[in-house]
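J.: Please find the sequence and the predicted model below.
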Amino acid sequence: MPDQARQALSFGPAASEYDARRPSYPPAVLRWALGAAPRRVLDLGAGTGILTRVLLALGHDVVAVEPDAAMRAQLLAASPAASPAAGRGVEALAGSAEAIPLPDESVDAVTVGQAYHWFNREKAHPEIARVLRPGGVFAPVWNIRDESVPWVARLTGITDGPRPRRPGDDPLDQLDLFIQPMGDRSYGPLFGPCFGPVARHVERSARSMTADELVALMRTRSYYITATPDGRAEIDNAIRALTAELPETFDLPYVTAVYRAERR
């Protein structure tokens, strides 16, 4: 299995910890992307349902699609079930961005939390357009650590390998370059000819945590899960050395970015 595909499907063994440790999404970014009125929403690459539950709390009717069986099981365990007796809930289906198990023009919006970078875009964009009604919204969203904070940039160096950083760097630069490699901040029709121009909205937040909680969070990352035992121990030790320089309780700053485009 190619390394990218192996990492994309690596989270199942850590599904419970993933659900407990990963940050949720500010409701404001979903309100900006989807509006206030309830919609039929496909949460694609839904994982353990962290974004799914925010959508439910905002009043949307949600179907979650996730390829990993262990992640789907955690989603169902932690989320309201969809049934006439339970009222509004979530339906969880096996599937992928490249093969969505829904009929044509069956949803008003497609969200993706923390998963779009795993998609085969050439196959996923037409599939997403297929299940969206005309005028429907595609909205991938990411929580990213704010690497303009020096110690957070050092944390990324531990977990992702060294990358050049400058004080005050915009933490969204790397994400923007992934979304639009040419660096055009007007974004344009990035999601293929079936979609209109892309807009972006950003919210900032922070999570209070301890050294133990930061280590546990980093253990839910694909690069940690797929590392060798020695590699995992090296990451753990380096994170603990870093946090020894911080207060006992500290804030981990996040930037949440959502990109929004409408189906033509």
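T.: Looks like it arrived, so ask away.

J.: Residue 135 against residue 195, yeah?
T.: No - contact criterion Cβ atoms under 8 Å: residue 135 and residue 195 do not qualify, at 11.1 Å. The C-beta positions use only the backbone N, C-alpha and C, and glycine is treated the same way.

J.: Look up phi and psi at residue 70.
T.: Phi and psi for residue 70, reported as degrees, to the nearest 10, are phi -70, psi -40.

J.: residue boundaries of the strands in the chain?
T.: 40-44, 61-65, 90-93, 107-113, 132-145, 199-209, 250-262 (DSSP state E).

J.: May I see these arranged in JSON lines, with distance to residue 151 as well?
T.: Listed next are the strands of the chain as JSON lines, based on distance: least, Cβ to Cβ, whole Å:
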{"stretch": "strand 40-44", "distance to residue 151": "33"}
{"stretch": "strand 61-65", "distance to residue 151": "35"}
{"stretch": "strand 90-93", "distance to residue 151": "37"}
{"stretch": "strand 107-113", "distance to residue 151": "26"}
{"stretch": "strand 132-145", "distance to residue 151": "10"}
{"stretch": "strand 199-209", "distance to residue 151": "13"}
{"stretch": "strand 250-262", "distance to residue 151": "8"}
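
J.: between the ones you listed, which one is nearest to residue 235?
T.: Minimum separation from residue 235 across the strands of the chain (Cβ to Cβ) falls at strand 132-145, 15.0 Å.

J.: wait, what's in contact with residue 65?
T.: 42-46, 92-96, 100-102 (Cβ atoms under 8 Å, 6 or more residues apart in numbering).

J.: Quick check: PyMOL command selecting the buried ones in those.
T.: A single PyMOL command is used to select the members of these judged buried by 16 or more other Cβ atoms under 10 Å:
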select buried, resi 42+43+44+45+46+92+95+96+100+102
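
J.: Fine by me, we can end here.
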